[in-house]
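Colleague: 3D model of this:
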Amino acid sequence: MERVILTGDRPTGKLHLGHYVGSLKSRVQLQEEDNTKVYIMIADQQALTDNADNPEKVQQSLVEVALDYLAVGINPLKSTIFVQSQIPQLPELTMYYLNLVSVARLNRNPTVKSEIQEKGFNESIPAGFLVYPVSQAADITAFKATHVPVGEDQKPMLEQTREVVRDFNRTYRSDVLVEPDIILPPKGQGRLVGIDGKGKMSKSLNNGIYLSDSADMIQKKVMSMYTDPNHIRVDDPGQVEGNVVFTYLDVFDEDKEKVQELKEHYQRGGLGDVKIKRYLNEVLQATLLPIRERREELEQDRGAILEMLKEGSEKAEAVAAQTLKEVKDAMGINYF
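Modeller: Residues are numbered from 1 along each chain as shown. Predicted coordinates:
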């Protein structure tokens, strides 16, 4: 049986190491699997739900995100990369699904509640932001996705999609929509903590290392990383737990034995923060150099990137159009 994967990102800036660990690497792997079809959506409409007054930010980020995709190894011949706003069937599906979801249910969504608080909307919540779980359901079901890779914090969003699918199929006595399963990241490969150690790596917190960062910028950010505030002298025993440098080494250094040796040395004392930061810098430079070089090469022809997105969007629209036809048939509103 063919697996259909739907995943994507909001274009509100370049992608960082958190994206790389949390989703980009797995997308490259998924596109190589047999009987697997991958759709990757650049969710510009969703980005506008809280950037309506700054569309230039979204516009400028569109190509940047696409460049990051290609630079890490996502292949448009194996994965369909498309732009959300270029698929007119998605907002129409959203409208039909909204009739199946109550405002009270939207207000109970813990992911939305958390993001509303994080963004400081208070009582001025854009309606588009409140209903974006339903828009997300349209995105997923338009391509009849069987699996959706998300982080733990997005589980309530996917459950709302599953509810929409069940409600639609029951209401219209059909089996048109597919109820998707969740793909969670492997243990230890979820959200990457920011370089300040204060929360997840994110653009809004300005605590990330970006895939396009220069070698000098990477080094500067690594040397500023949060370690153990009580590790004042080199001879002092240091704490590994909560130490961002060791968190990153666990994720990015393939030499696990060496990482373990460094941890033990740090814990008993005699290993300074500067030394482990320099080592982490070497590891990250080796990881990001080929990505950055590929990105710089691709950036020379932005027209080709836009053409790739156009072709992917046309391919995606054909699939969404077929699903919309089936949905309207089930509802009995294909009148002519």
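Colleague: can you find the helix or strand in the chain with the smallest mean pLDDT?
Modeller: Within the chain, no helix or strand scores below helix 110-119, which has a mean of 79 by mean pLDDT, DSSP states H and E.
Colleague: check which helices and strands it sits against.
Modeller: helix 127-130, helix 132-142, helix 155-171 (3 or more C-beta pairs under 8 Å, 6 or more residues apart in numbering; DSSP states H and E). Every C-beta, even on glycine, is put in place using the N, C-alpha and C of the backbone.
Colleague: who wins for proximity to Met331 among those?
Modeller: With C-beta to C-beta as the criterion, Met331 lies closest to helix 155-171 of these, at 8.7 Å.
Colleague: got a list of contacts for the helix or strand just after the closest one?
Modeller: Tracing the chain C-terminally past helix 155-171 and defining elements by DSSP states H and E, one meets strand 181-183 next. The contact list for strand 181-183 (C-beta atoms under 8 Å, 6 or more residues apart in numbering) reads 5, 26, 146-150, 155, 158.
Colleague: just the buried residues of those.
Modeller: 5, 26, 146-150, 158 (16 or more other C-beta atoms under 10 Å).
Colleague: filter the residues you listed down to the ones in helices?
Modeller: 26, 158 (DSSP state H).
Colleague: inside strands: which ones of the buried ones among the contacts of strand 181-183?
Modeller: 5, 147-149 (DSSP state E).
Colleague: where is pLDDT lowest across these?
Modeller: For these, the weakest pLDDT value sits at Pro149, with 92.
Colleague: check what pLDDT the nearest residue in space to that one that is not next to it in sequence gets.
Modeller: Leaving out its chain neighbours, the residue that sits closest to Pro149 by C-beta to C-beta, 6 or more residues apart in numbering is Ile183, at 4.1 Å. Here the pLDDT value assigned to Ile183 is 90.
Colleague: what is the burial count for Ile183?
Modeller: 15 (other C-beta atoms under 10 Å).
Colleague: Val176 is in contact with Val327, isn't it?
Modeller: Yes - using C-beta atoms under 8 Å, Val176 is in contact with Val327, at 5.9 Å.
Colleague: higher neighbour count, those two?
Modeller: Each of Val176 and Val327 has its neighbours counted (other C-beta under 10 Å); Val327 has more, 24 against 18.
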